[in-house]
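sharing a sequence plus its predicted fold:
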Amino acid sequence: MKYLSVLIKPASSLCNMRCRYCFYRAIAEERTTSSYGIMPGEVLEATIRQVFEEAEESCAFGFQGGEPTLAGLDFFQKAIELQKRYNKKNITVVNYFQTNGLEINDHWAHFFAENKFLLGISLDGPSDLHNLNRLSFDRTGTYGRIIKNIEMLKKYGVEFNLLTVVTGYTSRKITKIYHCLSQISSYLQFIPCLDSLSKNPDITEFSMNTESFFRYYLQLFDLWYADLKKGKYVSIRHIDNLMGMLVGRSPECCALQGKCSLQMVVESDGGVYPCDFYVYDKWRMGNVSECSFQEMASSKIAKEFIADSYLLPKECERCPIYGLCRNGCKRERDINGKYMYCSSFKQFCMERWQELLDAASLWCNH
Ligand SMILES: C[S@@+](CC[C@H](N)C(=O)[O-])C[C@H]1O[C@@H](n2cnc3c(N)ncnc32)[C@H](O)[C@@H]1O
Ligand code: SF4
Ligand code: SF4
């Protein structure tokens, strides 16, 4: 294949934080093995070797978790060494790294800058809102340490964006969140908080309802558009995708493709799964030490996973804004297979249709 992207879990579900809404902790608790521990060197090597055997033009390595920094800096130095060793065709390589930012120090920042890693840092807004849910192991807030570490990344010139989970409660504070985050970075990503698929009572009460989603979406768009009109462009991943679709471009975000793609999530024992939201025993497609990514992509499990996402409710077939919504991400669909924020998104489009069109033409020329 021309391009291959993998999402590696170097420390499995292990983490140095206890975020109250964490979906990966909820998933891990449902598996026969909740944590596979730190990824052994042989598994890392098998993964990297295979990626370079199969990718013809470019490849991407994502590192995520749990918390990837728990694997230690040596692990990532080794990863870079292996990438250099196995990149015989001299193809383009991108490394991205999603972290809670708690353990970043000079050594990490220097490494990220030197190896041109793109970082995602999780930050849920100003300290009072961030500290509601993003807690350390002793249940205290983590905002202060993370802001200090973001300064460190800036000092070393590391490229980063901010990932922000929006809960029912924080959706009512979106103006405050947007102003805080857009002063720290111009690259933002907002993620509506997902409820756990399991019935773990600790992690089920954080998602937005349809009314709060509508308000959040409308306000965020208004804030973003007001800045754009003033000549200040803030990249918000979902809005960028929306703007692109309005001017006829394909979305890069998998939730907007109308069907699932395979993310090739590699757990630390080498087990491979189709998507970060579905790292369950049921969806294990194979192991990097035994099969190629190509074989796993054509497996019965992979086909079943993708086929599920094609099922389209009747209402979507006739929907005038299907092209902008595509029934959302499979993980955000209700028991009838429909996007759970359908009515909110429709209402948003109705109330802001002209602004959306105007914004798209301005966005194109920014
Ligand atoms: C599972 S974490 C793993 C990487 C790292 N530990 C971190 O927190 O950035 C990846 C992203 O998922 C987000 N996340 C966690 N639980 C979530 C949930 N229930 N719904 C939506 N996003 C969630 C986190 O805030 C983080 O931005
Ligand atoms: S830091 Fe990341 S992996 Fe750890 S609990 Fe929070 S969201 Fe989950
Ligand atoms: S807005 Fe509703 S009906 Fe229209 S495509 Fe999205 S989920 Fe389907």
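It's in. Computed from a prediction, not measured in an experiment: that's the story for all the values here. Ligands and ions are numbered 1, 2, ... in the order given.

can you tell me which residues contact the closest residue to ligand 2 within the stretch 51-200 of the chain?
Of all residues in the stretch 51-200 of the chain, N100 sits closest to ligand 2, with a separation of 3.6 Å (C-beta to the nearest ligand atom). (Each C-beta comes from the backbone N, C-alpha and C, glycine too.) Contacts were defined as C-beta atoms under 8 Å, 6 or more residues apart in numbering; by that measure N100 touches 15-17, 19, 67, 121-122, 134, 142, 146.

restrict those residues to those near ligand 1?
Counting by C-beta under 6 Å from any ligand atom, the subset of those that neighbours ligand 1 consists of 15, 19, 67, 122.

report the two of these separated the most.
C15 and S122 (11.2 Å; C-beta to C-beta).

partners of E159 in the sheet?
In this structure, E159 has the following beta-bridge partners (DSSP bridges): L118.

just checking, it touches G120?
No - judged on C-beta atoms under 8 Å, E159 makes no contact with G120 at a distance of 10.3 Å.

looking at those two, which one has more neighbours?
Taking E159 and G120 together and counting by other C-beta atoms under 10 Å, G120 has the greater number of neighbours (18 against 14).

tally of neighbours for I121?
Every residue meeting other C-beta under 10 Å relative to I121 is counted, giving 23.

chain neighbours aside, what residue packs nearest to it?
Counting by C-beta to C-beta, 6 or more residues apart in numbering, the nearest residue to I121 once its immediate chain neighbours are dropped is G101, at 4.5 Å.

and that neighbour, how far is that from ligand 3?
Between G101 and ligand 3 the computed distance is 34 Å (C-beta to the nearest ligand atom, to the nearest Å).

swap in Y225?
Taken as C-beta to the nearest ligand atom, the spacing of Y225 relative to ligand 3 amounts to 21 Å.

double-check that residue against L357; I have them as touching.
No - no contact is recorded between Y225 and L357 when judged using C-beta under 8 Å, the distance being 11.5 Å.

looking at the two, which is more packed in?
Set side by side, Y225 and L357 show unequal neighbour counts under other C-beta under 10 Å, the larger going to Y225 at 18 against 12.

which stretches of this protein form helices?
Using DSSP state H, the helices found in the chain span residues 23-30, 41-54, 73-86, 106-114, 127-133, 143-156, 174-184, 210-229, 237-246, 293-297, 300-310, 314-317, 322-325, 342-364.

let me have those helices in a markdown table, extended by mean pLDDT.
Shown next, in a markdown table, are the helices of the chain (pLDDT from 0 to 100):
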| stretch | mean pLDDT |
| --- | --- |
| helix 23-30 | 95 |
| helix 41-54 | 98 |
| helix 73-86 | 98 |
| helix 106-114 | 98 |
| helix 127-133 | 98 |
| helix 143-156 | 98 |
| helix 174-184 | 98 |
| helix 210-229 | 98 |
| helix 237-246 | 98 |
| helix 293-297 | 97 |
| helix 300-310 | 94 |
| helix 314-317 | 95 |
| helix 322-325 | 96 |
| helix 342-364 | 98 |
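
pick out the residue of the stretch 51-200 of the chain closest to ligand 3.
In the stretch 51-200 of the chain, no residue comes nearer to ligand 3 than P192, which is 14.4 Å away by C-beta to the nearest ligand atom.

show the contacting residues for that residue.
165-166, 207-208, 213, 216, 332, 341.

same thing but at 10 Å, please
Listed by C-beta atoms under 10 Å, 6 or more residues apart in numbering, the contact partners of P192 are 165-168, 171, 206-208, 212-213, 216-217, 238, 328-329, 332, 340-341.
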